[in-house]
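Undergrad: Attaching a predicted model along with its sequence, questions to come.
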Amino acid sequence: EAQVTQNPRYLITVTGKKLTVTCSQNMNHEYMSWYRQDPGLGLRQIYYSMNVEVTDKGDVPEGYKVSRKEKRNFPLILESPSPNQTSLYFCASKPGLAGPSYEQYFGPGTRLTVT
Amino acid sequence: ELKVEQNPLFLSMQEGKNYTIYCNYSTTSDRLYWYRQDPGKSLESLFVLLSNGAVKQEGRLMASLDTKARLSTLHITAAVHDLSATYFCAVDIRDDKIIFGKGTRLHILP
């Protein structure tokens, strides 16, 4: 089944404790992206990657790191989480600019709480 | 500043009625997306609009794109309760950066 998976789905942590949220897709998509969703703000893009070893900042990259060493994986790293990073996080993937489809597939989401 | 503005943000409507959600954006875009999100769920892709004048329809939903006006619409025909959800538009700008609108929460009353 074509899908984007994220782990963990739920995480409660404390300020300053490094964490990684994993994201993996099995559709051989070139493009992957991380978003955070907050009430009243919609989704905001954190980082995106157009291919292996190519990453770019989205609208809200501060406090986050990413890496794209393999095509299928795009982990999100919070080196020193703070309470304002409490949010619902989505990973997504889609084919690259060559298409054939531009449809973006979303993972199930990771609800992160930082105390 | 890059902006994607949806209106209305909240919409309560009766079953059987028609309505339109508007999505305005402030910069040139190659692609516009519409998504649906049910409470507590992830996003589901509804439409991808690629060119000026593009129109796509699926069931009671129809989306259109006017790139000159930087406007997309999502039209709901004869609404049914199952269409209650939050709808997002998103704009794909240069280098594949994607900007989302804040979403329209649609509640359809039986």
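TA: Thanks, I have it.
Undergrad: switch to C-alpha atoms for all contacts and neighbour counts from now on
TA: Will do.
Undergrad: From chain B, how far out is the residue lying closest to residue A:115 once chain neighbours are set aside?
TA: Using C-alpha to C-alpha, 6 or more residues apart in numbering or on different chains and skipping the chain neighbours, the partner closest in space to residue A:115 is residue A:14 (4.8 Å). Noted for residue A:14: a distance of 24 Å to chain B, by C-alpha to the nearest C-alpha, to the nearest Å.
Undergrad: Would you mind listing the residues in contact with the residue most central in space within chain A?
TA: What sits nearest the mean C-alpha location of chain A, by C-alpha atoms, centre = their mean, is residue A:34, with 2.7 Å. Taking C-alpha atoms under 8 Å, 6 or more residues apart in numbering or on different chains, we find residue A:34 in contact with A:45, A:46, A:47, A:48, A:76, A:89, A:90, A:91, A:92.
Undergrad: Any chance you could note which residues of chain B sit beside chain A?
TA: Within chain B, the positions near chain A by C-alpha under 8 Å from any C-alpha of the partner chain are B:41-45, B:47-48, B:88, B:96-103.
Undergrad: which residues sit in contact with residue 103?
TA: Picked chain A for this. A:94, A:95, B:45, B:47, B:48.
Undergrad: not quite, I wanted chain B
TA: Neighbour list for residue B:103: A:42, B:6, B:9, B:86, B:87, B:88, B:89 [criterion: C-alpha under 8 Å, 6+ apart].
Undergrad: Compare those residues and tell me which is most surrounded.
TA: The most crowded member of those is residue B:89, carrying 30 neighbours; neighbours defined as other C-alpha atoms under 10 Å in any protein chain shown.
Undergrad: Run a quick check on that one versus residue B:98, I expect a contact.
TA: No. The pair residue B:89 / residue B:98 is not scored as a contact, 10.3 Å apart, by C-alpha atoms under 8 Å.
Undergrad: so which strand or helix has the residue nearest to the centre of chain A?
TA: In the assignment (DSSP states H and E), residue A:34 maps to strand A:31-38.
Undergrad: Now for whatever residue of chain B ends up closest to chain A, how many residues are close by?
TA: At 4.0 Å from chain A, residue B:102 is the closest residue in chain B, using C-alpha to the nearest C-alpha. Residues lying near residue B:102 (other C-alpha under 10 Å) number 24.
Undergrad: Ignoring the adjacent residues along the chain, who's closest to it?
TA: residue A:42 is the one closest to residue B:102 (C-alpha to C-alpha, 6+ apart), at 4.0 Å.
Undergrad: correct me, but that neighbour touches residue B:99?
TA: No. Look at residue A:42 against residue B:99 with C-alpha under 8 Å: they stay out of range, at 9.6 Å.
Undergrad: what's the longest strand in chain A?
TA: Secondary structure of chain A per DSSP state E: the longest strand is strand A:42-51.
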